[in-house]
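> what's the 3D shape of this:
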Amino acid sequence: MPLVVALITLLGVGFTAIVTWSISQRRIAADHITAERAKWRERIRAQALLVHDAILFDDATALLRLKGEFRALLNPFDPEDRKILNGMKLVKPPKEREEEADRFARQISLLLKHDWDRAKLEAGFFLGRWILTVKRWDLGWACGRRGKRRELGGLRWYEKYKIRPVITSVLIVLLGFSLLTLLVGGGKATGGLAREPDVTPEEVGLSSERLARFADYARAMVHAGKIPGATIAVSRFGKLAYFETIGWADIEERKPTRMDTLYRLHSMTKPLFSVATLTLVEEGRLSLQDPISKYVPEFADVKVLVGGTADAPELADPPSAPKLGRLLSQTAGIATGGDLFAERTIAEIYSRASIHEGNPTAEEVAQRIARLPLAGHPGEVFVYGLSFDVLARVLEVASGQPLDDFIAERVLDPLGMEDTFFAVPEDKLHRFSNSYDITGPGSLQAVTRADHMARWQPGRRFLSPNGGLVSTVSDYLRFAQMMLGGGELDGARIVSRKTIDLITATVVGNAELGLIRAALPGYGYSLGFGVLENVAESGKPGSLGQYEWAGWGDTYFFVDPKEQLIGLFFTQVYPGGTYGLRESLTSFTYQALID
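Residues are numbered from 1 along each chain as shown. Here you go, the predicted model:
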């Protein structure tokens, strides 16, 4: 009997090991297949734009070259693909050229639409093949190389690689389908270039055709060399209805944008820390009426600039101490070293202070800022400055935690935001988008500045709530959905509904926004968000009370509680706002509403 038990146990362990190994292989190869397929789709899209222009402008030389490149992406032996190749031709009358170019574009759209329909069937067959230990990495060529894309077509693929004996093959395939159904719910892969929406746009009152206009617009921006790539997401009623990746995360390495591409958030870090701060307020560990000096003693002696120059400033005592809430609303008088956001004299004073040099701690940064004068009396002036950098020290003292642990415990972990952090882990660096300076119309140059490159690498002691986080569109969407859900998402409550109301209530009206007023027509500022208070003045569609913010690298998001609508658009170019992409996000999203 012990021998029988031992044999049964051994068989059970062996079977469990085989199944576990098979599942892991399915996930690895499914990710690989999804990535390769989406790379192929992106290459098709990019080449199709060039072919469209070549037909439209009667460029025979370009069309001949492009036809050769297209042949490598398609299967000349497939009737559908052969029809596309044969359709790449020049026609002389201008009107016919336009019709021919549009017809070609429709063919490509149809090809890409049907290309994803095979994915679920393929995954089941892959699993059957892996258990027989057939080498998996030769699948790569079947996803867009050597003209063999169509070989990745379900049953035909299996017939090409079927393995004897037949009985074993059938059993393995059945096991593959069973595990696929039970364990992965239909073969969805994670970590690929595309993310499948929860619903169709029409199910939540949006138009698929109209939403696609934004992707076409962004694709044209990539084609024109204005942005490297982008990720777009639109959600309504808590359901993701549209998700699109476009162009390149790294132009030089031809690395396409993926659903999990990591972007520098810059100022879109602030809303996360506003919410995290209010979790401490809800627990009674902080009060928005607390003087900053309670946590940073040096602020007890802070002065206000009332005149003079950077070399000979005239200073005065503030009538009241700057309070914690003023940090969140940017009304504490704390400035910055750039005259884009602060008056020239105070900007020069801050610039000379070298606040972030030498790898300082949060305590040292707050102390350096406290030694500088305020731009105006607390509560009487709005300056979009370094207030959130002072907040870093406040949160460390109040929570007793390092800042990265604090934000993870309070917001990131409960919301499942696994791809949001201050320093990019080594095993995720391949997903980190490159960033680009706009050097002219249609001209981008990769950023190589040492301070910029070092900002998101391990080893930095100061972690900035002002603009230091890296994230993905999918992660930030979860944060936005929590905000729209009144402080809760998927059973995880971060803050109460009334706290969300407090965070998104206007503190500073548009007329008092100072130097950034022109960039935010129709908007006021709350505790870390811009809030729409005049739709007509904003010059774009929206709803009163809609809130949003943006990052310096052209990352944007908005939340409209009235329409239950969320939009996100991430790219990575500097300076942000050059091409009006914030306005494009809202305009293209709202024009798609059909209910």
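> and the longest strand along the chain, which residues are buried?
For the chain, the strand with the greatest residue count under DSSP state E is strand 239-250. Buried residues in strand 239-250, counted by 16 or more other CB atoms under 10 Å: L240, A241, Y242, F243, E244, T245, I246, G247, W248, A249, D250. The C-beta positions use only the backbone N, C-alpha and C, and glycine is treated the same way.
> most widely separated two among the residues you listed?
A241 and D250 (28.5 Å; CB to CB).
> what about H430, which SS state?
H430 falls in the helix class when you classify it by DSSP: H, G, I helix; E, B strand; the rest coil.
> centre of the chain to stretch 287-305, how far?
The chain centroid and the centroid of stretch 287-305 are separated by 35 Å under CA atoms, centre = their mean, to the nearest Å.
> for the strand or helix carrying K498, output the C-alpha coordinates as PDB.
Assigned by DSSP states H and E, K498 belongs to helix 497-503. Presented in PDB, the C-alpha positions along helix 497-503 are these (Å, rounded to 0.1, in the frame of the first residue of the first chain):
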ATOM      1  CA  ARG A 497     -16.900  60.100  -1.700                       C
ATOM      2  CA  LYS A 498     -16.900  63.400   0.100                       C
ATOM      3  CA  THR A 499     -13.200  63.500   0.200                       C
ATOM      4  CA  ILE A 500     -13.200  63.200  -3.600                       C
ATOM      5  CA  ASP A 501     -15.600  66.100  -3.700                       C
ATOM      6  CA  LEU A 502     -13.200  68.100  -1.500                       C
ATOM      7  CA  ILE A 503     -10.100  67.300  -3.600                       C
END
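> pretty sure W456 contacts P425?
No. W456 is beyond contact range of P425, at 10.9 Å (criterion: CB atoms under 8 Å).
> residue ranges in the stretch 301-450 of the chain under the pLDDT threshold?
Applying pLDDT under 70 to the stretch 301-450 of the chain flags residues 339-341.
> follow-up on the earlier one: what about W456 and P425, which has more around it?
Of the pair W456 and P425, W456 is the one with more neighbours under other CB atoms under 10 Å, namely 19 against 12.
> can you report phi and psi for the more buried one?
Main-chain torsions, W456, degrees, to the nearest 10: phi -110, psi 20.
> contact partners for it?
R264, F422, A423, V424, F432, G468, V470 (CB atoms under 8 Å, 6 or more residues apart in numbering).
> now do the helices in the stretch 451-595 of the chain.
Using DSSP state H, counting those that start in this stretch, the helices of the stretch 451-595 of the chain run over 473-484, 497-503, 535-538, 581-590.
> deepest of those, which one?
Mean neighbours per residue, mean count of other CB atoms under 10 Å, is largest over the helices of the stretch 451-595 of the chain for helix 473-484, with a mean of 23.
> pull the residues that contact it.
Residues from elsewhere that reach helix 473-484 (CB under 8 Å, 6+ apart): 195, 231-233, 235, 238, 240, 243, 259-261, 263, 265, 268, 271-272, 275, 411, 415-420, 488-489, 492, 494, 500, 504, 547, 557, 559, 561, 564, 566, 568, 570.
> same question for it, mean pLDDT?
Average pLDDT, helix 473-484: 98.
> so it versus strand 239-250, what angle?
Relative orientation of helix 473-484 versus strand 239-250 (axes from the mean of the first three to the mean of the last three CA atoms, to 10 degrees): 140 degrees.
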